[in-house]
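Visitor: Have a look at this prediction, sequence included:
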Amino acid sequence: MALETARRIAAAAASSPPRAVLLSGFGEPLLHPDLPGIVRELRAPLAALIGVVTNGEGLSAARAEALIDAGIDFFHVSVPAATAATAGALAPGLDFAAAERNLTALLARAAGRIPVAVNFVVTAANRAEKAAVERTWRARGAWAVYAGPVHNRGGFLAPETPTAAAARGDCWVYEHCLFAAWDGRVLACCHDLAGAEDYGNLARDTLAAVRAHRQARLRYTLAGIMCRRCDFYLA
């Protein structure tokens, strides 16, 4: 995302500020060359809480301080496992040792300043390590440890436990969150990997126009193919 795009999104959202802005995306936010700059652009016109979701590998002391100085309000760090072996199976390529060191250092640095939560997605491969993850990171000062079951991301992943349940006619995430992509496009949700739903662009359109377009599509979207096969609401 270009800084100018972030600036325009923030300006569009300022008319009706969200409670929180979460920088996550479909990858690793810390790969952005100037994530603190993005935070500053959002912080300037918005009173919202601003947080970042990261795997922690790139969260060095210098980068963490740069984000804090830019105005970040909270960190969510995704931890795949309690052991390097399981982490390697679930997240190939992740430097698990570096991620652990960075998270431990961040918890010490942010204590009493900024909440740091741990996210743990429970799968068949790491279920036996859930208690260890919760115990370890709470002991090290995590503000919270969120542990929830894996889901199929709008049907793009094969479910671990196939379900015959039909999708409900509502979705809290869809109804209460706006998802802006790197170029400002507003999509159905973070599971809309193909951009099937496009409600406008906050880098050029007003927030009111985007919301109106989205509301007009609401009842149709939840009956769409992606939402019909999504099991997120069951998680």
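Guide: Done, it's in. Numbers count the residues shown, from 1 in each chain.

Visitor: in the protein, which spans are strands?
Guide: Along the chain, counting by DSSP state E, strands occupy 20-23, 49-54, 74-78, 116-122, 144-149, 179-180, 186-187.

Visitor: Select, out of those strands, the one closest to Leu207.
Guide: Leu207 sits nearest to strand 186-187 of all the strands of the chain, at 9.4 Å, using C-beta to C-beta. (Glycine included, C-beta is placed from N, CA and C.)

Visitor: Quickly run through the sheet partners of the closest one, with directions.
Guide: strand 179-180 (antiparallel) (DSSP bridges).

Visitor: Show residues contacting the partner strand.
Guide: For strand 179-180, the surrounding residues in contact (C-beta atoms under 8 Å, 6 or more residues apart in numbering) are Ile9, Val186, Leu187, Ala188, Cys189, Cys190, Asp192, Leu202.

Visitor: looking at the strands of the chain, which is closest to Arg214?
Guide: strand 186-187 (7.0 Å).

Visitor: will you turn the strands of the chain into a markdown table that also has mean neighbour count and distance to Leu67?
Guide: Shown next, in a markdown table, are the strands of the chain (neighbours: other C-beta atoms under 10 Å; distance: least, C-beta to C-beta, whole Å):
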| stretch | mean neighbour count | distance to Leu67 |
| --- | --- | --- |
| strand 20-23 | 19 | 9 |
| strand 49-54 | 21 | 7 |
| strand 74-78 | 21 | 8 |
| strand 116-122 | 19 | 12 |
| strand 144-149 | 14 | 19 |
| strand 179-180 | 20 | 19 |
| strand 186-187 | 22 | 25 |
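
Visitor: Which one of those strands lies nearest to Gly37?
Guide: Using C-beta to C-beta, those put strand 20-23 closest to Gly37, at 11.8 Å.

Visitor: And that closest one, what does it pack against?
Guide: helix 35-43, strand 49-54 (3 or more C-beta pairs under 8 Å, 6 or more residues apart in numbering; DSSP states H and E).

Visitor: Give me the pLDDT for the closest residue to Val39 other than its chain neighbours.
Guide: Spatially, and ignoring its direct neighbours in sequence, Val39 is nearest to Ala70 (4.0 Å; C-beta to C-beta, 6 or more residues apart in numbering). In this model, Ala70 is scored at 95, pLDDT.

Visitor: Many thanks, we can stop here.
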